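> Fold the following.
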Amino acid sequence: MRVISQSAAGPAVPMRAPLAWVEIAKGLCIGLVVLMHATLGLEDALGERGYAHAIADFAQPFRMPTFFALSGLFLGRALASDWRPFLERRVFHYLYFYTLWLLIQEVIRFPHLGGGTLAGTLNHVAWSYVEPFSTLWFLYALALFALVTRLVERVAVPAVLGVALGLAGSDVTTGWHILDVACDTYVFFYGGYRLAPQILAFGGRMRARPAQAAAVTAGWLVVNAVLIFTVVPALGHAMVAEAPLVALPLGALGVLGVIALATLLERSVAGPALAYAGYRSIVIYLAAFAPVAALRALMVRYGVPLDVGTASLALAAAGILLPLALERALRGTPAACLFVRPSAALRAPATILRRGRSLLDGAAAASAASVASVAEAGTSVATALAAPPVHRGALVPAGAPLPLALGPRES
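Okay, the predicted model is just below:
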């Protein structure tokens, strides 16, 4: 997911660009994420299930793995920089939006979060940095994954990949959502980073050979459908996520399948719209919850002359289009900070780090000076104690240092 910078408020990513398929793939994934939330929420509210549920189930194995793989694809450029710019771009970047939209959701849902009290709300906000809140967990995970990858940068790649693969295939369940998600999906983020040359080469090859891309896409769609709707239920699981040995290879296959499909869609009428949505996927991700929740409440209260499946698709469309329209309307206004991180917010964490380092350096220098002063005083005292005794009223012998703050030594 690309977070919009100050310069990203201009034209959408140009079509036919060599990496347009990256944005199209993101557009597909963010659309499927919104569809999943819209469908499950509406079905739960109405107590009915529509055909959109099957679409959400079909996308479940590859939706988030593809997002994470694409998010790690260009991580190398940030890792090549020093710590400060890395933290600005890959950690504080996401935490700014996480914090801002966490507070927005706290205000909107005040009666339902934290017991409707200020103390409860503050406690909920604090806990949200331990256990990420609601749909915002993905931003939290991106910051966490980038930081972890930086810390293990010097560790052998096979070792990191081996651990990540082991965690993804072991069905770790701790009850701590962000840890469980990290165990399931970090392998895709790290794989996207380490296998970036191969992934980009695969995308370029699919783009240059449409027939091969069509064959890969068709094969992936068939395998995905068979495993989800036939094999997984036969294994006694309700979802692919409950069968990790199936979910892991199916997620990897899904990443390649989505890339192949994206290169084909680049040539279609839907290509520019999907690329636009992918380029601004952060906008949809952050703001989709509001129109989806509001329109769902209206549908439940007043009814809608559509079946549940079609109503879910309409709800998802609103969750995609209305945030994009809002972002467009807010460009150039102070409220644009909802989707574009202000430069001050970019500099603030770096300033804090810089000042913190200056304070530490100053404290270290002061401590060193204090130690030196004490040592010097101790040396003076020791020298004085070792000097010949001086009788009362006598002069201090020439060259003998006067003991610090002690006066002439009494006999």
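
> count of neighbours near L32?
Per other CB atoms under 10 Å, the neighbour tally for L32 reads 21. Glycine gets a C-beta too; all of them are placed from N, C-alpha and C.

> Show me the helices in the stretch 151-300 of the chain, by range?
Along the stretch 151-300 of the chain, the segments classed as helices by DSSP state H, counting those that start in this stretch run 157-169, 177-194, 196-208, 210-226, 232-234, 244-265, 271-279, 281-287, 289-302.

> quick one: which of those has the weakest pLDDT on average?
For these, the weakest mean pLDDT is recorded on helix 232-234, namely a mean of 76.

> Find the nearest non-adjacent residue to A146, please.
R90 (3.9 Å; CB to CB, 6 or more residues apart in numbering).

> Could you pull up the residues touching that neighbour?
75, 78, 142-143, 146-147, 150 (CB atoms under 8 Å, 6 or more residues apart in numbering).

> can you tell me how far it sits from M36?
Separation of R90 from M36 (CB to CB, to the nearest Å) stands at 26 Å.

> what do you get for L139?
Plainly put, L139 is 17 Å away from M36 if you go by CB to CB.

> of the two, who's got more company?
Shown here are L139 and M36; by other CB under 10 Å, L139 has more neighbours (24 against 21).

> so where's the stretch 301-411 of the chain uncertain?
343-411 (pLDDT under 70).

> what does stretch 181-191 contact?
64-66, 68-69, 71-72, 137, 141-142, 144-145, 148-149, 160-161, 164-165, 167-168, 170, 172, 241, 244, 247-248, 251-252, 255.

> starting at the chain centroid, how far to that stretch?
12 Å (CA atoms, centre = their mean, to the nearest Å).

> What residues sit buried inside it?
Buried positions in stretch 181-191, judged by neighbour count with 16 or more other CB atoms under 10 Å: 181-191.

> want to try JSON lines for the residues you listed, with distance to A314 as columns?
Below are the buried residues of stretch 181-191 laid out as JSON lines (distance: CB to CB, whole Å):
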{"residue": "V181", "distance to A314": "29"}
{"residue": "A182", "distance to A314": "34"}
{"residue": "C183", "distance to A314": "36"}
{"residue": "D184", "distance to A314": "31"}
{"residue": "T185", "distance to A314": "30"}
{"residue": "Y186", "distance to A314": "35"}
{"residue": "V187", "distance to A314": "36"}
{"residue": "F188", "distance to A314": "31"}
{"residue": "F189", "distance to A314": "33"}
{"residue": "Y190", "distance to A314": "38"}
{"residue": "G191", "distance to A314": "36"}
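
> Out of the residues you listed, which is nearest to I282?
F189 (16.6 Å; CB to CB).

> quick one: secondary structure of the residue nearest in space to the middle of the chain?
Taking CA atoms, centre = their mean, the centroid of the chain lies closest to L142, which sits 2.1 Å from it. Classification of L142 by DSSP: H, G, I helix; E, B strand; the rest coil places it in helix.

> check contacts around it.
1, 71, 90, 94, 189.

> do you know how far it is from L179?
Distance, L142 to L179, by CB to CB: 15 Å.

> again, but for R209
Distance of R209 to L179, computed by CB to CB: 41 Å.

> got it, and L151?
L151 sits at a distance of 16 Å from L179 (criterion: CB to CB).

> P132 and L102: what is the separation?
Taken as CB to CB, the span from P132 to L102 is 9 Å.

> Please save the CA atoms from stretch 300-320 in CSV.
What follows is stretch 300-320, C-alpha atoms only, in CSV (Å, rounded to 0.1, in the frame of the first residue of the first chain):
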residue,chain,number,x,y,z
VAL,A,300,-31.1,-2.3,7.6
ARG,A,301,-33.5,0.4,8.9
TYR,A,302,-35.3,1.3,5.7
GLY,A,303,-34.7,-1.8,3.5
VAL,A,304,-33.3,-1.9,0.0
PRO,A,305,-35.0,-3.3,-3.2
LEU,A,306,-32.0,-5.5,-3.9
ASP,A,307,-30.9,-9.0,-2.9
VAL,A,308,-28.2,-9.3,-0.3
GLY,A,309,-25.4,-10.0,-2.7
THR,A,310,-26.2,-7.1,-5.0
ALA,A,311,-26.7,-4.8,-2.0
SER,A,312,-23.2,-5.9,-0.7
LEU,A,313,-21.6,-4.9,-4.1
ALA,A,314,-23.4,-1.5,-4.0
LEU,A,315,-22.2,-1.0,-0.4
ALA,A,316,-18.6,-1.9,-1.5
ALA,A,317,-18.8,0.5,-4.4
ALA,A,318,-19.8,3.3,-2.1
GLY,A,319,-17.0,2.4,0.3
ILE,A,320,-14.5,2.8,-2.6
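
> That's all I had, so thanks and see you.
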